[in-house]
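> Predicted model and sequence below, questions to follow.
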Amino acid sequence: MKIIRAKDYYDMSRKAANIISAQVIMKPNCVLGLATGGTPVGTYKQLVEWYNKGDIDFSEVTTVNLDEYRGLPKEHPESYWSFMHRNLFDHVNIRPEAINLPDGTNMDADAECARYDAVIHNVGGVDLQLLGIGNDGHIGFNEPNEAFELGTHCVDLKEETIEANKRFFDGNADLVPKQAYTMGIKTIMQARKVLMVANGKGKADIVKKAFFGPVTPEVPASILQMHPDFILVGDEEALSEI
Ligand SMILES: N[C@@H]1[C@@H](O)[C@H](O)[C@@H](COP(=O)(O)O)O[C@@H]1O
């Protein structure tokens, strides 16, 4: 585990974007595992800036996103499909056919999860997986106390996660979908490199628990302590408890 200290959100975003950029330069046809949430927005913004300057080329890159709300149409502004297009895909030269997310509109959970696992398998697995961390230690939508051995599966979102994400749904928890499809911890652990971004005081406790506490399904991110190439880029506040 490697911990990189950043001064603030902007510095965290630039450092993370540098690592992603290096991955794409070293292997132009790499598979990037991508994440949503507020934290990686600055990282995507930086990648778009460097793309506009001609410093990074996504023409051969394939992406697989971590998760998607179940039951939300793609076109919904808060679907992760929309999030990714708004923050990254619409602004760079990635091929539309190289973009992969779970399909939240397929209500047949078994079929959709099997399809998504096959997609990840067929692209050869993930070279670099970007992650944020939920307040309860979730990664993707792998909530506390789920088995570490799972591939893509359907989850019931915890109350805390619905509360945290309602800010994207007019502050109304009733509008937040209650389920999601998520890549499982097994798949995340199979990524060849894992890069987590964390910022702000609100993440300080969970960062300490996850990376300086026991490895336990109660804190899903704690399993990353066992990953052979795990990098955490955190700002001063997120790393203030360690
Ligand atoms: N599914 C996403 C996670 O991938 C993300 O890490 C988490 C934290 O989000 P934020 O970065 O906004 O704190 O939110 C959501 O639940």
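Looks like it came in fine.

> which bits of the protein sit near the ligand?
35-39, 66-67, 132-134, 140-141, 161, 165 (CB under 6 Å from any ligand atom). The C-beta positions use only the backbone N, C-alpha and C, and glycine is treated the same way.

> Can you tell me the centre-most residue of this protein?
Nearest to the mean C-alpha position of the chain, counting by CA atoms, centre = their mean, stands Ala35 at 2.3 Å.

> Correct me if wrong: that one contacts Leu66.
Yes: between Ala35 and Leu66 there is a contact at 5.3 Å, judged by CB atoms under 8 Å.

> which neighbours do the two share?
129, 131, 140 (CB atoms under 8 Å, 6 or more residues apart in numbering).

> mind saving the C-alpha coords of the least confident helix or strand in the chain by mean pLDDT as PDB?
When the helices and strands of the chain are scored by mean pLDDT, DSSP states H and E, helix 159-165 comes last with a mean of 90. What follows is helix 159-165 as a C-alpha-only set of coordinates in PDB (Å, rounded to 0.1, in the frame of the first residue of the first chain):
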ATOM      1  CA  GLU A 159     -29.600   3.900   4.700                       C
ATOM      2  CA  GLU A 160     -26.300   5.800   5.100                       C
ATOM      3  CA  THR A 161     -25.400   5.600   1.500                       C
ATOM      4  CA  ILE A 162     -28.900   6.700   0.400                       C
ATOM      5  CA  GLU A 163     -28.600   9.700   2.800                       C
ATOM      6  CA  ALA A 164     -25.200  10.600   1.400                       C
ATOM      7  CA  ASN A 165     -26.300  10.400  -2.200                       C
END
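
> which of the residues in that helix are buried?
Neighbour counts over helix 159-165 (16 or more other CB atoms under 10 Å) mark 161-162, 164-165 as buried.

> what does stretch 192-210 give?
192-200, 203-204, 206-207, 209-210.

> For this protein, just list every one of the helices.
9-26, 41-52, 80-87, 109-122, 159-165, 185-190, 204-212 (DSSP state H).

> now for the second one, which elements pack on it?
So that's helix 41-52. Applying 3 or more CB pairs under 8 Å, 6 or more residues apart in numbering; DSSP states H and E, we find helix 41-52 packed against helix 9-26, helix 80-87.

> hang on, the earlier thing: let's see which of the residues of the chain next to the ligand end up in strands.
Counting by DSSP state E, these place Asp67 in strands.

> which one of the residues of the chain next to the ligand is nearest Val155?
Phe141 (5.1 Å; CB to CB).

> Wait, that closest one touches Ile162, no?
No: Phe141 is beyond contact range of Ile162, at 11.1 Å (criterion: CB under 8 Å).

> Just give the closest residue to Tyr69, not the sequence neighbours.
Of all residues beyond its chain neighbours, the one nearest Tyr69 is Pro177 (4.0 Å), with distances taken as CB to CB, 6 or more residues apart in numbering.

> how about the one you found, what does it touch?
Per CB under 8 Å, 6+ apart, neighbours of Pro177: 69-72, 104, 157.

> cutoff 6 Å now
69, 71-72 (CB atoms under 6 Å, 6 or more residues apart in numbering).

> which of those residues has the most neighbours?
Within the contacts of Pro177, most neighbours by other CB atoms under 10 Å means Tyr69, with 24 neighbours.

> With that, I have no additional questions.
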